[in-house]
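In: Quick one, what's the 3D model for this:
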Amino acid sequence: MTSANDIPDINELDEIIGEPEDSRAGFVPQGYVPPTEVRSITLDTVFSSLHAGIADFKKGAFLSTFFGGAYFVMGLLLMVFLLVTESYSLIFPFTAGFLLIGPIAAIGLYEISRRIETGERVGWDVLGAFKRHGVTHVFLYGFVLAFMLIVWLVVARVIYALNFGYDPLYFAQMDLSSLIEEAFTARGLVFLFVGNAFGAVLAGTVFSISVVGVPYLHDKPVDFMTAIMTSVHAVAKNPWPMFVWGVMVAGIVAVSALLFFFPLIITLPIIGHATWHLYRQTVVPND
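Out: Numbers count the residues shown, from 1 in each chain. Model (predicted):
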């Protein structure tokens with residue numbers, strides 16, 4: 001049986017265990033990387049990024065256009081599918097929601113801009129750019145964006161059903177004048193206000209977690225949560241410039257969608273390249 005005298009005092013325990021080599025380390029895990037620095041930017045930064053994006057598009061015109069063309073074809077096929085299946089009530093939600101996954105689709109464009117910046121050769125191997133630091137965290141980022149797309153589609157369908165019933169052909173059976181008249185009824189205004197308000201909140205959330213987060217994830221071997229928090233920090237620190245950039249992107253994409261996605265062949269690459277330069281001027285990567 002152990003007596004109290006057999007238990008070593010605290011000084012003896014210190015000698016047995018030993019002091020840490022650096023007492024400042026505390027419980028910081030091995031391999032911990034401190035948060036990266038986020039710069040304050042101005043509207044000049046936004047416009048200079050857009051200018052640099054246009055320059056990158058000119059330099060990598062063929063490959064950049066390829067990515068824009070692929071996105072255009074996907075959008076067109078989606079539109080045809082909805083028309084063939086007579087899912088008219090989902091055309092607007094799918095059109096708006098389809099753009100939520102744009103940040104992941106633009107990874108190849110970020111790689112083109114990165115190579116132009118570093119002087120590396122720009123070739124077809126940029127198609128595998130998503131594997132640069134492994135696919136796990138890119139997949140997780142994509143999963144988050146895809147989940148938000150699903151949430152948007154479900155909520156949009158619920159809002160539609162609450163106002164017009166569960167008839168997907170309700171609007172398809174109207175002519176233009178009847179459609180405009182319906183839009184200014186009480187339920188039409190509620191539908192537009194609630195739907196667009198929720199869509200704006202969701203789009204703002206996606207923008208906040210991805211505007212510099214996805215380029216950062218591609219540029220440096222960080223985990224997707226670090227990239228998300230860095231992006232949110234950048235938006236919180238620069239609300240006005242980021243708001244202007246978000247409105248510009250939304251406007252460009254909205255006009256492209258109204259023209260059956262065709263302008264995305266050019267506008268998407270420019271937005272992608274510009275986003276890379278906005279990231280480079282906003283985030284100071286911790287090497």
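
In: what ranges do the strands span in the stretch 1-150 of the chain?
Out: Here the stretch 1-150 of the chain has its strands, by DSSP state E, counting those that start in this stretch, at 37-38.

In: Point out where it drops to low pLDDT.
Out: In the predicted model of the stretch 1-150 of the chain, residues 1-35, 86, 88-89, 96-99 satisfy pLDDT under 70.

In: hey, where'd the helices end up in it?
Out: 10-17, 43-59, 61-84, 91-98, 102-105, 107-118, 136-164 (DSSP state H, counting those that start in this stretch).

In: Just send those back as TSV, with distance to residue 185 and mean neighbour count too.
Out: All C-beta spots, glycine's among them, are computed from the backbone N, C-alpha and C. Rendered in TSV, the data for these read as follows (distance: least, Cβ to Cβ, whole Å; neighbours: other Cβ atoms under 10 Å):
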stretch	distance to residue 185	mean neighbour count
helix 10-17	76	9
helix 43-59	39	18
helix 61-84	25	16
helix 91-98	18	20
helix 102-105	33	22
helix 107-118	43	22
helix 136-164	10	16
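
In: Dump these to CSV, plus distance to residue 265.
Out: As requested, these are arranged in CSV below (distance: least, Cβ to Cβ, whole Å):
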stretch, distance to residue 265
helix 10-17, 65
helix 43-59, 11
helix 61-84, 4
helix 91-98, 15
helix 102-105, 13
helix 107-118, 13
helix 136-164, 22
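
In: Of all those, which one comes closest to residue 261?
Out: Put simply, out of those the one that sits nearest residue 261 is helix 61-84, at 3.8 Å, with distance taken as Cβ to Cβ.

In: Keeping just the C-alphas, turn that closest one into CSV.
Out: Output for helix 61-84, consisting of C-alpha atoms alone and laid out as CSV, is shown next (Å, rounded to 0.1, in the frame of the first residue of the first chain):
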residue,chain,number,x,y,z
ALA,A,61,-6.8,33.6,-74.5
PHE,A,62,-7.2,30.1,-75.9
LEU,A,63,-7.1,28.2,-72.6
SER,A,64,-9.1,30.9,-70.9
THR,A,65,-11.8,30.8,-73.5
PHE,A,66,-11.8,27.0,-73.2
PHE,A,67,-12.8,27.3,-69.5
GLY,A,68,-15.4,29.9,-70.3
GLY,A,69,-16.8,27.8,-73.2
ALA,A,70,-17.0,24.7,-70.9
TYR,A,71,-19.0,26.7,-68.4
PHE,A,72,-21.2,28.1,-71.1
VAL,A,73,-21.9,24.6,-72.5
MET,A,74,-22.8,23.3,-69.0
GLY,A,75,-25.2,26.2,-68.5
LEU,A,76,-26.8,25.7,-71.9
LEU,A,77,-27.3,21.9,-71.3
LEU,A,78,-28.8,22.7,-67.9
MET,A,79,-31.3,25.1,-69.5
VAL,A,80,-32.2,22.6,-72.2
PHE,A,81,-32.7,19.9,-69.6
LEU,A,82,-35.1,22.1,-67.6
LEU,A,83,-37.1,23.0,-70.7
VAL,A,84,-37.3,19.4,-71.9
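
In: Alright, calling it a day.
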